[in-house]
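Novice: sequence and predicted structure below; questions after.
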Amino acid sequence: MTPQLAIFFVLAALAVLGALNLIIQRHPIHSALSLIVVMIALAGLYLLMGSEFVAAVQIIVYGGAIMVLFVFVIMLLNAGVEERTNVSKLAGVAGIPLAVALLGFLAAAIARSNESAQAGVEAGTLANTKEISTMLFKDFVYPFELTSFLILVAILGAIVLAQREKS
Amino acid sequence: MISFLNANATIIIYLVKIALLLFIVLTVNAYLTWFERKVVAHMQSRWGPHRVGPHGLLQPLADGAKFLLKEDPTPAGVDKFTYFLAPLMALALALTSIAIIPFGPEPLHILGRDITLGIADLNIGILALFAITALSVYGVALAGWSSNSKYPLLGGLRSSAQMVSYELSLTMSVVGVLLLAGSFNLRDIINAQAHHPERGIFGWNVWPQILGFFCFFVAAVAETNRVPFDLPEAESELVAGFHTEYASFKFAMFFIAEYTSMITVSCLCTIMFFGGWLSPFPASWTFTHYLPSVILLPFGLWVIWDGIRYETIFGRLVLPGIGTVLTVIGIALAVPQLQFVNEFVQGPFWLLGKIFVFLFVYVWMRGTLPRFRYDQLMSFGWKLLLPVSIANVVITAFAILMWGAR
């Protein structure tokens, strides 16, 4: 086992355990903390693939900004321990088979695309900050701008909703 | 044994470097508290610590012993796991960020190996630092939440809102520097400021990036929760803010984390805007290489002169000793036979000198400025700092398009 593979398994186990813990934990803050662990483990996986930029951005945006807002809102609302409800019948009947099917699809897709992804990693095409920016601001500039416009609309909507009505 | 050392030399060198850096940073931290108390005291016409050791120099040791020996009660009703995690996270993240700082241009040659000054020389240097800063909010926020108490919760809420707000300006304000350097790497950023060695101080990023520097420094002070942005621990309103319920060494961990991030911010200001290890004088003025001696020699002599007249016998023994060491170093740096040592010392000398100036500015602000009100803090961050830093990015980008990066 190469060191890379060993690190991969540690990080992958961390991500999966974090995700499981996210569901099992009953307190919102503990769930949010588990989600942060997942985010950081994913960043580690990106780092392992040699894309430092994406790893750093993953931590800054997801681990930092977004999860801080989660924690902030949980603290602001002072959300308590969740109550455990019985699993609904629909979840048992439809949810579990659907989850298994999704898992199967994902596994099949990963097994098929294994070699091309491997080749991409080895060529180091994911690594370069310059290439990422060329991709975002040149090749896919219209989808990128459209996404940012969508986010702008969402922000404006949030402001309108949050604004108190003036008498 | 020798073969084992040779085979794992890289790892061993790294471990030794990490241990050494940790030791240095923690010692500097301890003496930074002494320095802060002394400087603020003199600003307020007091003497500051002067009972423990000559000039209070052993005060940090006494404080450390006190931190270790005090009772460490855990308040009732705290969320145990998070309560213990928060100070650990704050300290670990603050200390990790130091690892990315490079401390000198030339590697040290020992036993045929090149040892670079600084631990991790990352391609994404500055981004990695921002990633660590982004996570360090949790230390404060979780400490506030898990304490199960009103004041810490308010402090934690304030700090997470404040840090999220100022992180944006912090990140935007360095984009100008990154555009000028064309790299995230801290060494590249310093080297980009050395393109015109004859300009000396006028080649540094602070001149074209004066707006960026203003935004960066203000945002960084806010990120480190220092005066005038120390609302998360405003003692007149919130007792001690987020760490009210922490005692003993857990409190010390927050304290060390705060001072370590002060050092990191000073390092970053120096590296990104003030030329890092570059001398402020033109490169052809080689006589300025004697400046370390010129500063150390009189200072050492002054410490000796002050020491032999000190009130306590302990001080009369220790202070002249320190003074002699400083004088000898000062003389050694001026000896022609040790020219290579002098050359090597130049980079770290300027870097550490500038860092010291920034640390002094931090303390100076604490001694002078009053605290912001919370709404002022928020409107300052969002309505002034963020637009100015975005404008700075746009202006810099246009200037580079028109005239090139240098």
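Specialist: The structure has been received and is ready for your questions. Numbers count the residues shown, from 1 in each chain, chains lettered A, B, ... in the order given.
Novice: what about the residue of chain B found nearest chain A, distance to A:Val61?
Specialist: Per CB to the nearest CB, B:Ala134 is where chain B lies closest to chain A, at 2.5 Å. The way it works is simple: take the backbone N, C-alpha and C, and place the C-beta from them, glycine included. To A:Val61, B:Ala134 is 8 Å away according to CB to CB, to the nearest Å.
Novice: contact residues of the stretch 251-400 of chain B facing chain A?
Specialist: Within the stretch 251-400 of chain B, no position is adjacent to chain A by CB under 8 Å from any CB of the partner chain.
Novice: what ranges does the stretch 251-400 of chain B have for its helices?
Specialist: Using DSSP state H, counting those that start in this stretch, the helices of the stretch 251-400 of chain B run over residues B:291-308, B:313-334, B:339-368, B:374-379, B:386-403.
Novice: for these, give me a markdown table that also has mean neighbour count and mean pLDDT.
Specialist: Below are those laid out as a markdown table (neighbours: other CB atoms under 10 Å in any protein chain shown; pLDDT from 0 to 100):
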| stretch | mean neighbour count | mean pLDDT |
| --- | --- | --- |
| helix B:291-308 | 17 | 84 |
| helix B:313-334 | 16 | 84 |
| helix B:339-368 | 17 | 86 |
| helix B:374-379 | 14 | 84 |
| helix B:386-403 | 15 | 89 |
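Novice: could you dump these into TSV with distance to B:Pro102 added?
Specialist: Conversion of these to TSV gives the following (distance: least, CB to CB, whole Å):
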stretch	distance to B:Pro102
helix B:291-308	19
helix B:313-334	22
helix B:339-368	9
helix B:374-379	33
helix B:386-403	24
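Novice: domain parsing for the chain?
Specialist: Looking at chain A here, since you left the chain open. Here the domain parsing of chain A from automatic domain parsing is A:1-84, A:128-167.
Novice: my bad, chain B
Specialist: Partitioning chain B according to automatic domain parsing yields domains covering residues B:1-61, B:70-277+B:383-403.
Novice: go through stretch B:271-281 and flag the buried ones.
Specialist: Going by neighbour count (16 or more other CB atoms under 10 Å in any protein chain shown), the buried part of stretch B:271-281 is B:271-279, B:281.
Novice: ditto for stretch B:220-235
Specialist: B:220-234.
Novice: contacts only, for the closest residue to B:Asp306 other than its chain neighbours.
Specialist: The spatial neighbour of B:Asp306 that comes closest, neighbours along the chain excluded (CB to CB, 6 or more residues apart in numbering or on different chains), is B:Leu319 at 6.3 Å. B:Leu319 is in contact with B:54-55, B:303-304, B:306-308, B:310, counting by CB atoms under 8 Å, 6 or more residues apart in numbering or on different chains.
Novice: where does the stretch 1-150 of chain B dip in pLDDT?
Specialist: The model of the stretch 1-150 of chain B has pLDDT under 70 over residues B:1.
Novice: residues in it within reach of chain A, list them.
Specialist: Counting by CB under 8 Å from any CB, the residues of the stretch 1-150 of chain B that sit close to chain A are B:79, B:81-82, B:85, B:122-124, B:127-128, B:130-131, B:133-135, B:137-138, B:141-142, B:144-146.
Novice: in which helix or strand would I find residue 145?
Specialist: In the absence of a named chain, this looks at chain A. Per DSSP states H and E, A:Glu145 falls inside helix A:141-162.
Novice: actually, chain B is the one I wanted.
Specialist: Per DSSP H and E, the secondary structure element for B:Trp145 is helix B:137-146.
Novice: leaving out chain neighbours, which residue sits closest to B:Leu231?
Specialist: Of all residues apart from its sequence neighbours, B:Arg158 sits closest to B:Leu231 (CB to CB, 6+ apart), at 5.1 Å.
Novice: list the buried residues of whichever strand or helix holds the one you found.
Specialist: Taking DSSP H and E as the definition, one finds B:Arg158 inside helix B:150-173. Buried positions in helix B:150-173, judged by neighbour count with 16+ other CB under 10 Å: B:151-173.
Novice: quick check: mean pLDDT across the very next helix or strand once past that helix?
Specialist: The first helix or strand that comes after helix B:150-173 along the chain, using DSSP H and E, is helix B:175-181. The predicted model gives helix B:175-181 an average pLDDT of 87.
Novice: anything in helix B:175-181 near chain A?
Specialist: No. Judged by CB under 8 Å from any CB, helix B:175-181 stays clear of chain A, getting no closer than 10.1 Å.
Novice: for the residue of chain A found nearest chain B, which non-adjacent residue is spatially closest?
Specialist: Ranked by CB to the nearest CB, the top residue of chain A for proximity to chain B is A:Gly64, at 2.5 Å. Spatially, and ignoring its direct neighbours in sequence, A:Gly64 is nearest to B:Ala134 (2.5 Å; CB to CB, 6+ apart).
Novice: in contact with B:Phe217, which residues?
Specialist: Taking CB under 8 Å, 6+ apart as the contact definition, B:Phe217 lies against B:Cys269.
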